[in-house]
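[1] Return a 3D structure for these sequence lines:
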Amino acid sequence: MSEVPELGTEELRRLQEIGELSNDRYKGDPNFMASLARGLEVLQAFKPQYSQMSVSEISQLTGIPRAAVRRCLYTLRALGFVHCPDGRHYRLLPRVLTIGHAYLSSSELAKAAQNSLEYLSRLLNESCSVATLDGDNILYIARASVKRIMTIDLGRGSRLPAYATSMGLVLLSALDEEQLEDYLSRVTFEPLTEFTVTSAEQLREQLARVRRQGYAINDQQLEIGLRSIAVPMHSRKGGVVAAMNVGVNASQMSAAALRERVLPQLQRAAMELALLL
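    I've put the predicted structure just below:
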């Protein structure tokens, strides 16, 4: 038997949450399509690190019985979402992009954010992003990259743990106490670097600082060599709907320089974009 690809704690938790919907919360609900939920769970099991997997591997990752996984893959293959070139290992096909594209092409926030980021990125000559909170992670909905400063390749649709990112800190700081407590009861802090926050107490301190100052700086908590600054994006109806950030090479720009040179431009871009929301 081939070795099952290793998943991070947050990825495993997300797959388990999807499975629990059909197993617990909606069990017996005639309006809930368990087969559709399983199909989506199978699709989300694929990641850049393990882009091709067998029925057995997907079954072990998701907890879905092999027979059900096989039926999901058979249907997805018939619809053109996956293929199986060697008769054993399945890979995603480009058609899966149509699912995310439907959101990106119809979301005013995503479209407006992309235009704004491209201008800001040219102005600063740095990589810029906009993300929303999606469960316990941030989800990139727009990004303009001018240089590669991370080992992983980020783009629209990428997900990262909220506690280890500047945009995540901004978005978490906007949660009410009940929502934050719920998040803290679920999250598992993984020491991604020596600077990563590793406890609820440390995170609370950082979030309190973000609320006071109105921005967040992530100093190599996600990856050594990456420093970023983020600000909230408010809608005209009130409330934080997303976060915008600028990422730089830590060896080329200090945290103080981020505040002095980048923060004013970032805040201006976020405010201008908020007028469109």
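[2] show me where the stretch 101-250 of the chain has helices.
    Counting by DSSP state H, counting those that start in this stretch, the segments of the stretch 101-250 of the chain that form helices are 108-124, 166-173, 177-186, 200-213.
[3] helix/strand/coil for residue 29?
    Residue 29 falls in the coil class when you classify it by DSSP: H, G, I helix; E, B strand; the rest coil.
[4] Now for it: which residues touch it?
    Residue 29 is in contact with no residue at all, counting by C-beta atoms under 8 Å, 6 or more residues apart in numbering. (Each C-beta comes from the backbone N, C-alpha and C, glycine too.)
[5] what pLDDT does it get?
    Looking at residue 29, its pLDDT reads 79.
[6] returning to what we had before: buried deepest among the helices of the stretch 101-250 of the chain, which one?
    Highest mean neighbour count of the helices of the stretch 101-250 of the chain: helix 166-173, a mean of 27 (counted as mean count of other C-beta atoms under 10 Å).
[7] From what I see, residue 233 and residue 129 are in contact.
    No: Residue 233 lies out of contact with residue 129 (C-beta atoms under 8 Å); the separation is 11.6 Å.
[8] So the two - more neighbours on which side?
    The residue with the greater number of neighbours, taking residue 233 and residue 129 and applying other C-beta atoms under 10 Å, is residue 129; the counts read 29 against 25.
[9] Any figure for the gap between the more buried one and residue 82?
    For residue 129, the distance to residue 82 under the criterion C-beta to C-beta, to the nearest Å works out to 29 Å.
[10] Same question for residue 218.
    Distance of residue 218 to residue 82, given as C-beta to C-beta: 35 Å.
[11] For residue 243, list the residues it contacts.
    If a contact means C-beta under 8 Å, 6+ apart, then residue 243 has 130-132, 138, 166-168, 170-171, 230-233 as its contacts.
[12] Could you rerun that using 10 Å?
    Residue 243 makes contact with 129-133, 138, 162, 165-174, 215-216, 230-233, 270 under the criterion C-beta atoms under 10 Å, 6 or more residues apart in numbering.
[13] Now do the buried residues in stretch 225-236.
    Buried residues in stretch 225-236, defined by neighbour count with 16 or more other C-beta atoms under 10 Å: 226, 227, 228, 229, 230, 231, 232, 233, 234.
[14] Contacts only, for the spatially closest residue to residue 215 that is not a sequence neighbour.
    The spatially closest residue to residue 215, leaving aside those adjacent along the chain, is residue 231, at 4.8 Å (C-beta to C-beta, 6 or more residues apart in numbering). Residue 231 is in contact with 166-167, 170, 210, 214-216, 240, 243-246, 263, 266-271, counting by C-beta under 10 Å, 6+ apart.
[15] Do you know the pLDDT at the residue most central in space within the chain?
    Taking C-alpha atoms, centre = their mean as the criterion, residue 159 is the residue nearest the geometric centre of the chain, at 2.1 Å. Residue 159 carries a pLDDT value of 86.
[16] least trustworthy helix or strand in the protein by mean pLDDT?
    helix 9-20 (a mean of 54; mean pLDDT, DSSP states H and E).
[17] For residue 183, see how far away residue 70 is.
    Distance, residue 70 to residue 183, by C-beta to C-beta: 36 Å.
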